[in-house]
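J.: Prediction below, plus the sequence it came from.
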Amino acid sequence: MIKKTNRSQKLFEDAKEYIPGGVNSPVRAFKAVGGTPVFFQSAKGAYIFDEDGRRFIDFVLSWGPMILGHGNPVVLDAIRKQLERAMTFGAPTALEINLAEYICGLLPGIDMIRMVNSGTEATMSAVRLARGFTGRDKIIKFEGCYHGHSDSLLVKAGSGALTLGIPSSPGVPECIANQTITLTYNDINQVQQVMEQIGSEVAAIIVEPVVGNMNCVPPIRGFLNALRECCSSTGALLIFDEVMTGFRINPIGAIGEYGIQPDIICLGKVIGGGLPVGAFGGSREIMEQIAPVGPIYQAGTLAGNPVAMASGLATLKLISEPNFFNPVSTLTTRLVNGIIDRARDAKVPMTSNHVGTMWGIFFSHEREIINYKQVMRCDTKRFAKFFHGMLAEGIYLAPASFEAGFMSSAHSVQDIEYTLDAAERVLNKL
Ligand SMILES: *Cc1c(COP(=O)(O)O)cnc(C)c1O
């Protein structure tokens, strides 16, 4: 057992004085698992070090971006070089073309990209683009998918499939929320029925191709296909929110994994290599509706920031090397299957999902988890115990059972074996 931290506790008290809840993003606050959030100080490869100098194997990886692990020397070099040249101009730079061209070259059907500063901005802008392009207002999303915190997307389901959305936060006007319809992820019949009735009013269906915001839930066979067909037959646009899955589940993301072409793609996380970058892209026809070519307004002072572009480009180049992905995916499978084996031995009911380098374990009796209702039935108390047990063993998992886990190329087989040994000890005490 590692000794109990003191610095984090003290820092958390200080933080609460000046920052609401002591954090700059709610999930960091450990509300779902109890206890005090760990304050981190440094990182290297697969490891992160807290303010007390304790080492943890990191399976959060800043919620996905650090697919190369922390402090990759090639990425650091690219960032350093650019820092010396300039941090920002608010004017065009060649680096922006380089990253945009590189991403468009990787993603079939994506001709143009607009850079923004976060995933939230990417999805918010994509929704505006879809509305402006189609001249329609309604948006369809799915329960359990998270698309950032913009008004149109911070909406939960009304009671029936066709009731309009209700704001999931004070501050979101009802007149905006009720333009959003929330359906059940992986329910093909439901979305087909709804689109038959109101498809001509729908600007876009937005979906996480693999959901990473209700733990990790992949699409069932035919689901993404059905979305594509519903959109094509009604003139609605299909938006893939690949902020998490892009360059994570597959060398190019969902287009590569499932062979389905979205009209608009949203990117973030990995494409910044750890610096704040988001992007949205699509065909030339759609993207040229954006200002200054077209009438749909979208802008950003630091958008396409040169340092962030350098970081993103260096990262993407490394992960698109031919031998990059398989070993990281294989390690992910090894981790997930290993935990499941140990849970079975410890007689703890558990199910798992994983796609590429994204993974999730569920404290659940169900054989297969495919939607939000099932995720909500998982044993969150048991997860909280598991989380704290693993934390004490020096393993940092996402501090909530509704979050996906990640793997990086910096994780070694030894790190995974160490993690599995720890999991065995912790599971046997649950
Ligand atoms: C993280 C995430 C976002 C929001 O991105 P931020 O950079 O946190 O604003 C949007 N969509 C998905 C699928 C995400 O995982």
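T.: All right, it came through fine.

J.: wait, doesn't G35 sit right on H388?
T.: Yes - assessed by CB atoms under 8 Å, G35 is found in contact with H388 at 6.4 Å. Every residue, glycine included, has its C-beta placed from N, CA and C.

J.: Quick check: residues of the stretch 151-300 of the chain near the ligand?
T.: With the criterion set to CB under 6 Å from any ligand atom, the stretch 151-300 of the chain comes near the ligand through 208, 212-213, 241, 243-244, 268, 278.

J.: The same query, at a cut-off of 5 Å, please.
T.: 208, 241, 243-244, 268 (CB under 5 Å from any ligand atom).

J.: among these, who's most crowded?
T.: Using other CB atoms under 10 Å as the neighbour test, those are led by D241, with 32 neighbours.

J.: so that one sits right up against C145, yeah?
T.: Yes - D241 sits in contact with C145 when judged by CB under 8 Å, with a separation of 7.1 Å.

J.: Now the common contact residues for those two.
T.: 206-208 (CB atoms under 8 Å, 6 or more residues apart in numbering).

J.: Any chance of TSV for the residues you listed, columns distance to V355?
T.: Output for the shared contacts of D241 and C145, formatted as TSV (distance: CB to CB, whole Å):
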residue	distance to V355
I206	19
V207	14
E208	11
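
J.: quick one: the residue nearest the centre of the chain and I140, what's the gap?
T.: Most central in the chain under CA atoms, centre = their mean is M244, positioned 2.8 Å from the mean C-alpha point. Separation of M244 from I140 (CB to CB, to the nearest Å): 19 Å.

J.: Any part of stretch 22-34 near the ligand?
T.: No - interface with the ligand: stretch 22-34 contributes nothing (CB under 5 Å from any ligand atom), its closest point being 7.2 Å away.

J.: Straight-line length of that stretch, end to end?
T.: Stretch 22-34 stretches 14 Å from its first residue to its last (CA to CA, to the nearest Å).

J.: Let me see the contact set for the residue of the stretch 101-250 of the chain found nearest the ligand.
T.: Going by CB to the nearest ligand atom, the ligand is nearest to G119 of the stretch 101-250 of the chain, at 2.1 Å. Neighbouring residues of G119 by CB under 8 Å, 6+ apart: 147-148, 241, 243-244, 266-269, 278.

J.: Let me see the domain layout of the chain.
T.: 6-71+323-427, 73-319 (automatic domain parsing).

J.: most neighbours per residue, which of those?
T.: Comparing the domains of the chain by mean neighbour count (mean count of other CB atoms under 10 Å), domain 73-319 comes out on top with a mean of 20.

J.: Quick one: mean pLDDT for it?
T.: In this model, domain 73-319 has an average pLDDT of 96.

J.: what about that domain, distance to the chain center?
T.: 11 Å (CA atoms, centre = their mean, to the nearest Å).

J.: Span of that domain from start to end?
T.: With CA to CA, one end of domain 73-319 sits 14 Å from the other.

J.: quick one: the helices in this protein?
T.: 7-18, 73-85, 94-106, 119-134, 174-177, 188-198, 223-234, 254-258, 284-287, 306-319, 325-345, 372-376, 380-392, 413-428 (DSSP state H).

J.: Could you save the ones you listed as a markdown table and add columns showing distance to F39?
T.: Output for those, formatted as a markdown table (distance: least, CB to CB, whole Å):
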| stretch | distance to F39 |
| --- | --- |
| helix 7-18 | 5 |
| helix 73-85 | 23 |
| helix 94-106 | 32 |
| helix 119-134 | 24 |
| helix 174-177 | 35 |
| helix 188-198 | 43 |
| helix 223-234 | 40 |
| helix 254-258 | 35 |
| helix 284-287 | 41 |
| helix 306-319 | 24 |
| helix 325-345 | 26 |
| helix 372-376 | 29 |
| helix 380-392 | 13 |
| helix 413-428 | 22 |
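
J.: Indicate the residue of the stretch 251-400 of the chain located nearest to the ligand.
T.: Closest point on the stretch 251-400 of the chain to the ligand, by CB to the nearest ligand atom, is G268, at 4.8 Å.

J.: which residues does that residue contact?
T.: G268 touches 118-119, 122, 243-244, 246, 277-279, counting by CB under 8 Å, 6+ apart.

J.: next one: L95
T.: L95 neighbours (CB under 8 Å, 6+ apart): 82, 304, 306, 309-310, 313.

J.: same thing but at 6 Å, please
T.: 306, 309 (CB atoms under 6 Å, 6 or more residues apart in numbering).

J.: And it, how far from M287?
T.: For L95 relative to M287 (CB to CB), the value is 19 Å.

J.: hang on, the residue nearest to the centre of the chain packs against G64?
T.: Yes - counting by CB atoms under 6 Å, M244 does reach G64; the two are 5.3 Å apart.

J.: shared neighbours of those two, which are they?
T.: With CB under 6 Å, 6+ apart as the test, M244 and G64 both reach K269.

J.: if we look at stretch 164-179, which residues are touching it?
T.: 137-138, 151-152, 154-156, 158, 180, 182.

J.: So which of those sit within strands?
T.: Counting by DSSP state E, the contacts of stretch 164-179 place 138, 155-156, 180, 182 in strands.

J.: now those as CSV including distance to I339?
T.: Putting the ones in strands among the contacts of stretch 164-179 into CSV (distance: CB to CB, whole Å) gives the following:
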residue, distance to I339
K138, 41
V155, 34
K156, 31
T180, 36
T182, 31
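
J.: Farthest pair within those residues?
T.: Distances among the ones in strands among the contacts of stretch 164-179 were taken as CB to CB; the most separated pair is K138 and K156, at 15.9 Å.

J.: Now the residue nearest to the centre of the chain: closest residue in space that isn't a chain neighbour?
T.: Distance criterion CB to CB, 6 or more residues apart in numbering; nearest residue to M244, sequence neighbours excluded, is G212 at 4.1 Å.

J.: Same check on A410?
T.: G69 (2.3 Å).

J.: Roughly how far does the residue nearest to S168 when sequence neighbours are not counted sit from I57?
T.: Leaving out its chain neighbours, the residue that sits closest to S168 by CB to CB, 6+ apart is K156, at 4.2 Å. Here the distance between K156 and I57 works out to 35 Å (CB to CB).
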